[in-house]
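In: sequence first, then the predicted structure:
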Amino acid sequence: MPWCRYTALVENNALQAAKDMEKVLDVSICHIAEDDPIQPPQNPSSYPLFSMQFLRLHGMDLFSCATTWLLLDIAFYSSSLFQSQIYKKHLGLKGTTVYNEAFKVAFFQTMVAIAATIPGYWFTVYFIDRIGRRKIQMMGFLCMSIVYFAIGIPYHYWGTNENKGFLVLYGLTFFFANFGPNTTTFIVPAELFPARFRSTCHGISGAMGKVGAFFGTLGFLWSTKNNERDDLPRFKAMRIALVSLGGICLLGMAVTYLFTRETNGRSLEENEKEMENSELCVFRCSRDADRQPKTSVPEEVIAL
């Protein structure tokens, strides 16, 4: 395959690529035989990031990727950074030294990673091409919200009783985060956007996620102040925080359902061609979900 066919990754401008390559080649480009003559692009699809055409073609995709990443990180980093405060009652830390407390917290966090976090990733690896990115992301957000409601609404009961069921439910939040949006939110932006915008849009989406992590940790820092007996977080504040995280996960599921495209089963080139030729449609996800594969040509026609 001639080298010039690899130059269409960014601007589809093979003529300019040929001129650039002449600067680093020992042989002039005109002396290299090509299967096809180099032609200037007929309809160059080139427009800047900050343009109305980008907003029309990819603005909704950028909104969905950035918003879902932001909502996920509010929930994920809030519960991750304050794990020891959330399940302190269930680890038997009262009366222990600071070294034993650090060991018990680290040991439990390791068990959560082994039993919930890492299996969640492997479930995604196995099912992502079978179920699809969008469905996994919706399912993860929904299950996270259910678990947050289950540990948040009756938090007074969990806080006054050393029931190990709380630890199981809490571990499920990490399982469904990784078997869900914590994986798909950085896969989808890498597949949705044209090559020349892919890194930038992925970075914008990731930056919005860190904004969500910042505000989420601030909120949880308020709720985990030790104002109750036995150096425990305030029950009412923790209930509000956990239920709020459940509501945020429901919002993430809604944004995914309404605005996120499904990219499963298509190559990056197919995705790019389709996105370039598509118009802005707010509730286009149903169209993507109902899209049927192209019918194959009948064998009788091929024989003719």
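Out: Looks like it came in fine.
In: low-confidence ranges in the chain?
Out: Within the chain, the segments meeting pLDDT under 70 span 1-14, 22-24, 26-45, 82-95, 158-163, 224-234, 271-304.
In: OK, contacts around Val243?
Out: Applying Cβ atoms under 8 Å, 6 or more residues apart in numbering to Val243 gives the contacts Tyr148, Phe149, Gly152, Ile153. Glycine gets a C-beta too; all of them are placed from N, C-alpha and C.
In: ok, now Ala150?
Out: Contacts of Ala150 by Cβ under 8 Å, 6+ apart are Leu169.
In: helix or strand: which one has it?
Out: helix 133-152 (DSSP states H and E).
In: okay, now Gln16: neighbour count?
Out: 16 (other Cβ atoms under 10 Å).
In: mind telling me what element it is part of?
Out: Here Gln16 is assigned to helix 14-22, by DSSP H and E.
In: and Pro189, by the same measure?
Out: Element membership for Pro189 (DSSP H and E) is helix 181-192.
In: hmm, back to that, can I get the contacts of Val243 in CSV with neighbour count and distance to Phe259?
Out: Formatted as CSV, these follow (neighbours: other Cβ atoms under 10 Å; distance: Cβ to Cβ, whole Å):
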residue, neighbour count, distance to Phe259
Tyr148, 26, 23
Phe149, 17, 24
Gly152, 20, 27
Ile153, 14, 29
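In: domains for the protein, by residue range?
Out: Under the assignment automatic domain parsing, the domains of the chain span 1-46, 53-276.
In: against Ile240, how distant is Thr256?
Out: According to Cβ to Cβ, to the nearest Å, Thr256 and Ile240 sit 25 Å apart.
In: quick one: which of the two has more around it?
Out: A direct count of neighbours by other Cβ under 10 Å for Thr256 and Ile240 places Thr256 higher, at 29 against 16.
In: and the gap between that one and Asp129?
Out: 18 Å.
In: which residues of the stretch 151-300 of the chain fall in helices?
Out: 155-160, 165-178, 181-192, 195-223, 235-259, 268-276, 285-290, 299-303 (DSSP state H, counting those that start in this stretch).
In: list the buried residues for the third one?
Out: It refers to helix 181-192. For helix 181-192, burial by neighbour count (16 or more other Cβ atoms under 10 Å) applies to Pro181, Asn182, Thr183, Thr184, Thr185, Phe186, Ile187, Val188, Pro189, Glu191, Leu192.
In: circling back: deepest in the core, which of the domains of the chain is it.
Out: Of all these, domain 53-276 has the most neighbours on average by mean count of other Cβ atoms under 10 Å, namely a mean of 19.
In: on that earlier part again, after the helix holding Gln16, next one along is what?
Out: helix 52-81.
In: same for that next one, what does it pack against?
Out: helix 133-152, helix 165-178, helix 181-192, helix 195-223, helix 235-259, helix 268-276 (3 or more Cβ pairs under 8 Å, 6 or more residues apart in numbering; DSSP states H and E).
In: helices or strands next to the fourth one in the packing?
Out: Contacting helix 195-223 under the criterion 3+ Cβ pairs under 8 Å, 6+ apart are the following elements: helix 52-81, helix 181-192, helix 235-259.
In: following the helix or strand harbouring Phe107, which helix or strand shows up next?
Out: Assigning secondary structure by DSSP H and E places Phe107 in helix 98-112. Going down the chain from helix 98-112, the next helix or strand is helix 118-131, by DSSP H and E.
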